[in-house]
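A.B. asks: Need a 3D model of the following:
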Amino acid sequence: MKKLILMILALIPVMVMAKGDDSKYLTGAVPEENGQVVFRKTFTVKGKTDAEILKVLMAWTQNLVDESIPAPGQYARVMGTDERSTTVRVCQWLVFKNKPLYLDRARMRYQLNAQVDGGRVTLSLSQIRYYYGEHEDLDRNADIRAEEWITDAEALNKQGTKLYPKSGKFRRKTVDYVQQLFAGAMDSFEQDSEPVKASAPVRRNVVEG
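C.D. replies: Numbers count the residues shown, from 1 in each chain. Here you go, the predicted structure:
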């Protein structure tokens with residue numbers, strides 16, 4: 001009996017850590033360039049010309065927002081396009097909690113740039129702003145820049161071991177959103193491949209890095 005109790009006590013820290021593991025959101029999870037938050041992703045697409053790659057990317061950016069969902073204030077607008085790149089301004093809801101009679105969310109606006117050169121795609125996501133605590137008329141008084149809220153200096157304790165409660169939830173959701181966004185860009189080139197399970201994607205025509 002004593003051994004069993006000791007085993008249970010030894011497992012408690014492991015279970016607690018597994019329940020609230022924030023390791024992927026700690027130091028370095030939000031990259032900065034010259035004081036600005038900038039997320040980047042590079043991958044190579046095989047078997048397509050640069051023009052074909054750019055066409056796929058442009059179609060993908062226009063489907064970032066599901067306009068069939070009644071969520072005011074969301075949009076994806078093309079800001080500029082040339083032979084090798086396209087820039088889109090996106091505004092999307094981040095939902096922190098959605099329970100009966102309680103909805104905690106914020107709109108995130110950002111700029112997404114896609115550049116293509118010799119089959120190599122570089123995505124950069126920057127100029128992130130959050131609109132939190134808005135009224136139904138989308139009053140923008142609650143305007144927060146990512147640089148003031150989700151960076152290592154603003155969202156982590158001095159030891160870099162914990163996230164602050166308020167800014168931390170924005171950091172977690174943003175990191176997850178960006179990872180899913182970049183994965184979606186890569187998967188957009190696999191539509192002609194045979195179906196695969198979402199839990200184990202196979203990117204036959206896309207190479208990361």
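
A.B. asks: For the rest of this, base every contact and every neighbour count on C-alpha atoms.
C.D. replies: Will do.

A.B. asks: which residues of this structure score low on pLDDT?
C.D. replies: Scanning the chain with the threshold set as pLDDT under 70 gives 1-19, 67-71, 134-141, 191-204.

A.B. asks: now the strands: where do they sit in it?
C.D. replies: Here the chain has its strands, by DSSP state E, at 32-33, 36-37, 39-45, 75-81, 85-99, 102-117, 120-132, 143-145, 206-208.

A.B. asks: Wait, residue 83 touches residue 49, no?
C.D. replies: No. Residue 83 is beyond contact range of residue 49, at 11.5 Å (criterion: C-alpha atoms under 8 Å).

A.B. asks: any chance of the strands of the chain in CSV, with mean neighbour count and distance to residue 172 too?
C.D. replies: Output for the strands of the chain, formatted as CSV (neighbours: other C-alpha atoms under 10 Å; distance: least, C-alpha to C-alpha, whole Å):
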stretch, mean neighbour count, distance to residue 172
strand 32-33, 12, 16
strand 36-37, 18, 14
strand 39-45, 18, 14
strand 75-81, 15, 22
strand 85-99, 17, 10
strand 102-117, 18, 13
strand 120-132, 19, 14
strand 143-145, 16, 16
strand 206-208, 15, 23
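
A.B. asks: Kindly reformat those strands as TSV containing distance to residue 189.
C.D. replies: Listed next are the strands of the chain as TSV, based on distance: least, C-alpha to C-alpha, whole Å:
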stretch	distance to residue 189
strand 32-33	28
strand 36-37	27
strand 39-45	8
strand 75-81	20
strand 85-99	17
strand 102-117	14
strand 120-132	12
strand 143-145	32
strand 206-208	7
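
A.B. asks: Out of those strands, which gets nearest to residue 164?
C.D. replies: With C-alpha to C-alpha as the measure, strand 85-99 is the member of these nearest residue 164 (15.0 Å).

A.B. asks: so what strands line up beside the closest one?
C.D. replies: According to DSSP bridges, strand 85-99 forms sheet pairs with strand 75-81 (antiparallel), strand 102-117 (antiparallel).

A.B. asks: buried residues in stretch 56-73?
C.D. replies: The neighbour-count check on stretch 56-73 (16 or more other C-alpha atoms under 10 Å) flags 57, 58, 60, 61, 64, 65 as buried.

A.B. asks: swap in stretch 147-167?
C.D. replies: 147, 149, 150, 151, 152, 154, 155, 156, 162, 163, 167.

A.B. asks: Now, the residues you listed that are in helices?
C.D. replies: Under the assignment DSSP state H, those contribute 152, 154, 155, 167 to helices.

A.B. asks: of all these, which comes closest to residue 130?
C.D. replies: residue 167 (11.1 Å).
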